[in-house]
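>>> Make a model of this:
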Amino acid sequence: MHQDIKKILFTEEDIRKRCAELGEEISDAYRNTNHELLFVSILKGSIPFFAELIKHVDIDVYYDFIAARSYDGTESVGNIKIVKDLDCSVVDHDIILVEDIIDTGLTIKEIKKLLYLKGAHDVKVAALLNKQDRRVNDIQADFLGFEIPNEFVVGFGLDYNQKYRNLPYIGVLKEEKY
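Okay, the predicted model is just below:
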């Protein structure tokens, strides 16, 4: 365990197992759709989750990436800025929006709204983590990995000022580190 981590919440094996279950759930839900399925991964934090999840989806899918910024250190600033837009059209697609963590829900809400404005048929959310205690709107994951307490977590893509993303597990960062 990294010296800056107070405790591990989910091991690499826990995450792999849950991603396999989510991949099966998503495959079953979209197996007979009349719309193309597009996975949209929110950069940067969702990349490890996206990479593990997509391996377990056994139907044809497309994928693309979007980047939004809303954090300053440990706090969501509430102002969502798209810093990298999609490269493909979403018109008449079913979309799985892949996010590392739903915290306040502001980022997901704004990106969902944007995808519908761009012509998406439907938008569902797959999130690795849900921190319900910090939610400021009614956004929920349609496909959820794990519920977590209101603690600052890092690893498996989640960061503190761009650090700790490469940890293969999700852990609680020691308070003195932020």
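
>>> C-alpha only now, for contacts and for neighbours.
Will do.

>>> List the beta-bridge partners for the residue most central in space within the chain.
By Cα atoms, centre = their mean, the chain has its centre lying nearest to Glu99, at 1.2 Å. On the basis of DSSP bridges, Glu99 is bridged to Ala127.

>>> doesn't Gly45 make contact with it?
Yes: using Cα atoms under 8 Å, Glu99 is in contact with Gly45, at 7.4 Å.

>>> returning to that earlier point: quick one: contacts for the residue nearest to the centre of the chain?
Ser41, Ile42, Gly45, Ser46, Phe49, Ile108, Val125, Ala126, Ala127, Leu128 (Cα atoms under 8 Å, 6 or more residues apart in numbering).

>>> the helices in this protein, which residues?
Using DSSP state H, the helices found in the chain span residues 12-30, 47-54, 106-117.

>>> Please convert those to JSON lines, extending it with distance to Tyr63 and mean neighbour count.
JSON lines is the format used below for these (distance: least, Cα to Cα, whole Å; neighbours: other Cα atoms under 10 Å):
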{"stretch": "helix 12-30", "distance to Tyr63": "14", "mean neighbour count": "17"}
{"stretch": "helix 47-54", "distance to Tyr63": "9", "mean neighbour count": "20"}
{"stretch": "helix 106-117", "distance to Tyr63": "14", "mean neighbour count": "18"}
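
>>> Out of those helices, flag the one nearest Arg134.
Closest approach to Arg134 among the helices of the chain (Cα to Cα): helix 106-117, 10.6 Å.

>>> before we move on, back to that, so which of the helices of the chain gets nearest Arg69?
Between Arg69 and the helices of the chain, the shortest gap by Cα to Cα is with helix 106-117, which sits at 8.1 Å.

>>> Remind me what the closest one packs against, helices and strands.
Contacts defined by 3 or more Cα pairs under 8 Å, 6 or more residues apart in numbering; DSSP states H and E place helix 106-117 against strand 75-84, strand 94-102, strand 122-130.

>>> now what about it, what contacts it?
Contacting residues not belonging to helix 106-117 are listed as 68, 70, 78, 80, 90, 97, 99, 102, 122-123, 136-137, 139 [Cα under 8 Å, 6+ apart].

>>> and the angle for it with strand 122-130?
Interaxial angle, helix 106-117 versus strand 122-130 (axes from the mean of the first three to the mean of the last three Cα atoms, to 10 degrees): 170 degrees.
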